[in-house]
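Engineer: Just the structure for this:
(chains A and B)
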2 protein chains.
Amino acid sequence: MSVSVKEICEKARDASYKLAAISAEEKNRMLEAIACAIEKNKEAILEANRKDIEAYTKKDTTFLDRLTLNPKRIDAIISGVKEIIALDDPVGEIVEDRTLKNGLRIKRVRAPLGVIGIIYEARPNVTIDALALCLKSGNSVVLRGGSDAINSNRALYLTAYNALKDAGFLCDCIGFIDDISREKSREMLEMEGLIDVMIPRGGEGLKKFVLEHAKMPVIASAGGNCHVYVDKDAKLDIAERIVLNAKLQRPSVCNAAETLLVHKDLADTFLPDILKKLSDSGVELLGCNETMKRCPFVKEATDLDFATEFECLKLTVKVVDGVGEACDHINKFGTKHSEAIVTENKEAATYFEKNVDAACVYVNASTRFTDGFEFGLGAEMGISTQKLHARGPIALKELTSVKYIVEGNGQIRE
Amino acid sequence: MSVSVKEICEKARDASYKLAAISAEEKNRMLEAIACAIEKNKEAILEANRKDIEAYTKKDTTFLDRLTLNPKRIDAIISGVKEIIALDDPVGEIVEDRTLKNGLRIKRVRAPLGVIGIIYEARPNVTIDALALCLKSGNSVVLRGGSDAINSNRALYLTAYNALKDAGFLCDCIGFIDDISREKSREMLEMEGLIDVMIPRGGEGLKKFVLEHAKMPVIASAGGNCHVYVDKDAKLDIAERIVLNAKLQRPSVCNAAETLLVHKDLADTFLPDILKKLSDSGVELLGCNETMKRCPFVKEATDLDFATEFECLKLTVKVVDGVGEACDHINKFGTKHSEAIVTENKEAATYFEKNVDAACVYVNASTRFTDGFEFGLGAEMGISTQKLHARGPIALKELTSVKYIVEGNGQIRE
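Structural biologist: Numbering: from 1, shown residues only, chains lettered A, B, ... in the order given. Predicted coordinates:
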């Protein structure tokens, strides 16, 4: 294709102003048209995906699995779009509304960001997920998928684009960089002024690349080195349930626990019990001296271990003096993602809530709940541990900005 | 001084966790102590300032004026601190509060950003203004002032630091880089992980430098190429008042108007009248062909003129077809700061509100109101035209993040 990255971004930018003023109903009709077209084009999309799979010669089976589409996965893409249709439109929401003494009415109103750039890796479904979330939040989107999925991504993108175009909808609001050379990603990251924000969706390598080269702001999801602290005033059955859930239910994800902190008063009772259960479930345990003293099957944990997000059946363990030391440890070693305390003591809970610096702080609940759907926010683009703009699930509202609308009847400044 | 930038930042980081949990009352007492100490140390501060003024050999009188302190300006610094004391503490504000079906209570609570880095130029008062705003919003601050004001800045900083220390308050939450070499600024901008956000306060050069080199997010205030659009359905007395105010009241500031857009139906009536008045007030006018045809004293405006923030008695003028063309022009040439429409037509007003992409959109009011105090937000660190995190006045709330506090009674994820 001969269209340059800049031209694609300029079209998206121009369309973004129109899209910002389009009603929720119209945006939902656009998404409906896309969902319908994917249903109709199922065979062609699968055919394109087969080309990608045939062309993939490396032996990374996880990657291959991510790359692969099948009828069931296409259905999931379609129902994903329908779920996004069902979400409330964040644009136009009045966040604040005040009238000043001079009669000026000052509203803060949710508005789109403008143009969102997405760089993603193996999963072709991101083409539609990202596009639908951006469209619903009134943003133009410029997509740049991984080279291994180029045929699938192109088929999905063109299905969406033609669906909009054929029905007479605004279609330049969705752009696609149909060129797999690496320089195109770099070029895209230099489109400040045309792209308002970049969102990388993929592994740590991609995220680093984007953060390093992007000239515009970046919203990135992050890994989690999450902790559960069991306080002396914990209900022990609740503590056990939460620890086991946070570590075992899905160890590979970012909101799984990587460290267990236990109050010293429980070091001779709860600690050996829970570690035995974790060990019996196949968890490799690395602990502090106090832990090792009591549980001979625990190996020594280094500071590096305490700082590591294992994403597997491995857990570090430390006995602490109390909630103060627990917070200090978390603030030192954590990644500001999801942190839990188990306690019935109000004071300890409040101290933990205030002192732990993290996107999500839990009292008597599993860290595993950090998720857009679990939080009732619907589909998201990952979990942000940044403090600016988006902290926690990157859902529809996080894809918007606000603007001040000031209404008067001739006020001037004296 | 032998303390390294890293050590200063580490101290500020450690203190930030404690500061996050300190009550509004305690923070106000800290600010009171600082205000008192400045009052007491007035003479020493003025003496330090005299050293800076003596050492300043260049001939930039604007710069020299910014650098100069006098008893009245010190009083203004003190009353600035008192105004900040009177503001509501944003930390702990519950932004959202929901209970899910599974019983989990999900609150979004305002929390400090952590450590804010400030790099500033000539004005010594920024030392205290910035420090007080950061402290009130629960943030540690690391200050790095301009070399020409080093004696004044040091005197002000040490006054504040010793006031906190002597009264037994947390004092490592305010840091100061007492080394005027340029490398120290670069070093500071590489303290990601220790400094959460950088705020440059000064001219465009400083802002560019910070945006280019900062490894952490930046909140920057920006210039404004602001427009007033007078619609065909405008009340002409209101239009005149607003245009004159937006251009003339203080032409040097970012929220002053730089372009006047006039509906073609008013090109033979309102346009020549208002341009005559502007010209009589000393405004140099640059216009489109339609404008020049009607007003011979108007020179030709180039695209570059339309894109320029004059910050002086100069104005570009363009006749447009209607609100659509007005919005297109603003989105093309504006800097997304403050934009106004004058109209009694609801539809035109709504179209303008939705389609103009700017931090502040005005209907029947002067663009000059874009300001923290005018908006009832109190002191601010400038006006942001970014779309992420802070848009509009960078007041206390913009110096905070949010965190999710999730409270349960043993919930785990199935």
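Engineer: Using the record, which stretches count as separate domains in chain A?
Structural biologist: Taking automatic domain parsing as the criterion, chain A consists of the domains A:5-219+A:394-407, A:226-369.
Engineer: Can you add mean pLDDT, mean neighbour count and distance to residue B:281 and give these back as CSV?
Structural biologist: (Each C-beta comes from the backbone N, C-alpha and C, glycine too.) Output for these, formatted as CSV (pLDDT from 0 to 100; neighbours: other C-beta atoms under 10 Å in any protein chain shown; distance: least, C-beta to C-beta, whole Å):
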stretch, mean pLDDT, mean neighbour count, distance to residue B:281
domain A:5-219+A:394-407, 95, 19, 24
domain A:226-369, 97, 20, 53
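Engineer: mind putting those in JSON lines, distance to residue B:232 included?
Structural biologist: Compiled in JSON lines, the domains of chain A are given as follows (distance: least, C-beta to C-beta, whole Å):
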{"stretch": "domain A:5-219+A:394-407", "distance to residue B:232": "19"}
{"stretch": "domain A:226-369", "distance to residue B:232": "50"}
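Engineer: closest to residue B:352 out of these?
Structural biologist: With C-beta to C-beta as the criterion, residue B:352 lies closest to domain A:5-219+A:394-407 of these, at 9.7 Å.
Engineer: Does at least one residue of that closest one sit close to chain B?
Structural biologist: Yes. Looking at domain A:5-219+A:394-407 against chain B by C-beta under 8 Å from any C-beta of the partner chain, the contacts come from A:16-18, A:20-21, A:98, A:100, A:104, A:106, A:108-109, A:111, A:113-114, A:196-197, A:217, A:219, A:401-407.
Engineer: Now, the residues you listed that are in helices?
Structural biologist: Among these, the members falling in helices (DSSP state H) are A:16, A:17, A:18, A:20.
Engineer: With adjacent residues omitted, what lies nearest to the third one?
Structural biologist: Residue nearest to residue A:18 in three dimensions, not counting chain neighbours: residue A:170, with 5.7 Å by C-beta to C-beta, 6 or more residues apart in numbering or on different chains.
Engineer: Cross-check the contact I'm expecting between that neighbour and residue A:161.
Structural biologist: No. With contacts counted by C-beta atoms under 8 Å, residue A:170 stays clear of residue A:161, the gap being 11.1 Å.
Engineer: and the residue of the stretch 251-400 of chain A found nearest chain B, what does it touch?
Structural biologist: For the stretch 251-400 of chain A and chain B, the shortest gap (C-beta to the nearest C-beta) falls at residue A:365, measuring 3.3 Å. In this structure, residue A:365 makes contact with A:242, A:340, B:104, B:406, B:407, B:408, B:409, B:410, B:411, B:412, judged by C-beta atoms under 8 Å, 6 or more residues apart in numbering or on different chains.
Engineer: Helix, strand or coil: sort out the spatially closest residue to the second one that is not a sequence neighbour for me.
Structural biologist: On the basis of C-beta to C-beta, 6+ apart, the spatially nearest residue to residue A:340 that is not a chain neighbour turns out to be residue A:362, at 3.8 Å. Three-state call for residue A:362 (DSSP: H, G, I helix; E, B strand; the rest coil): strand.
Engineer: Return the set of residues that bridge with residue A:362.
Structural biologist: Beta-bridge partners for residue A:362, by DSSP bridges, are residue A:340, residue B:406.
Engineer: quick one, phi psi at residue A:118?
Structural biologist: Backbone geometry at residue A:118, expressed as degrees, to the nearest 10, gives phi -120, psi 120.
Engineer: Now name the helix or strand holding the residue nearest to it when sequence neighbours are not counted.
Structural biologist: Spatial nearest neighbour of residue A:118, excluding adjacent residues (C-beta to C-beta, 6+ apart): residue A:130 at 4.6 Å. Using DSSP states H and E, residue A:130 sits within helix A:125-136.
Engineer: which residue ranges form the helices in the stretch 301-414 of chain A?
Structural biologist: In the stretch 301-414 of chain A, the helices defined using DSSP state H, counting those that start in this stretch lie at A:303-306, A:323-333, A:346-355.
Engineer: wait, I meant the stretch 51-200 of chain A
Structural biologist: Assigned by DSSP H, counting those that start in this stretch, the stretch 51-200 of chain A shows helices spanning A:61-67, A:71-86, A:125-136, A:150-166, A:182-189.
Engineer: about what we covered before: quick one: the helix holding residue A:130 to chain centroid distance?
Structural biologist: 13 Å (C-alpha atoms, centre = their mean, to the nearest Å).
Engineer: before we move on, what about stretch A:83-99?
Structural biologist: Here stretch A:83-99 is found 20 Å from its chain centre; the criterion is C-alpha atoms, centre = their mean.
Engineer: How about stretch A:236-253?
Structural biologist: With C-alpha atoms, centre = their mean as the basis, stretch A:236-253 stands 22 Å off its chain's centre.
Engineer: Ok, stretch A:228-247 next?
Structural biologist: For stretch A:228-247, the separation from the chain centroid amounts to 26 Å (computed by C-alpha atoms, centre = their mean).
Engineer: Endpoints of it, how far apart?
Structural biologist: The first and last residues of stretch A:228-247 sit 9 Å apart, counting by C-alpha to C-alpha, to the nearest Å.
Engineer: Do I have it right that residue A:412 meets residue B:239?
Structural biologist: No. Taking contacts as C-beta under 8 Å, residue A:412 lies outside contact range of residue B:239: 11.3 Å.
Engineer: can you list the residues of the stretch 201-350 of chain A near chain B?
Structural biologist: A:217, A:219, A:235, A:237-238, A:241-242, A:244-246, A:249, A:327-328, A:331, A:349.
Engineer: One more pass at 10 Å, please.
Structural biologist: Residues of the stretch 201-350 of chain A found near chain B, taking C-beta under 10 Å from any C-beta of the partner chain as the criterion, are A:211-212, A:215-219, A:235, A:237-246, A:249-250, A:255, A:327-328, A:330-332, A:336, A:338, A:340, A:342, A:344, A:349-350.
Engineer: What about these, which are in strands?
Structural biologist: A:338, A:340, A:342 (DSSP state E).
Engineer: Now do the same contact list for the second one.
Structural biologist: Looking back up the chat, that one is residue A:340. Applying C-beta atoms under 10 Å, 6 or more residues apart in numbering or on different chains to residue A:340 gives the contacts A:226-230, A:239, A:242-243, A:246, A:257, A:261, A:330, A:352, A:356, A:358, A:360-369, B:406, B:408.
Engineer: at 8 Å what do you get?
Structural biologist: Residues in contact with residue A:340 (C-beta under 8 Å, 6+ apart) are A:226-229, A:242, A:246, A:257, A:361-367.
Engineer: Can you read off the pLDDT for residue A:2?
Structural biologist: Per-residue pLDDT puts residue A:2 at 65.
Engineer: Check which helices and strands the helix or strand residue A:34 falls within is in contact with.
Structural biologist: Taking DSSP H and E as the definition, residue A:34 sits inside helix A:24-40. Applying 3 or more C-beta pairs under 8 Å, 6 or more residues apart in numbering or on different chains; DSSP states H and E, one finds that helix A:24-40 contacts helix A:71-86, helix A:125-136, helix A:150-166.
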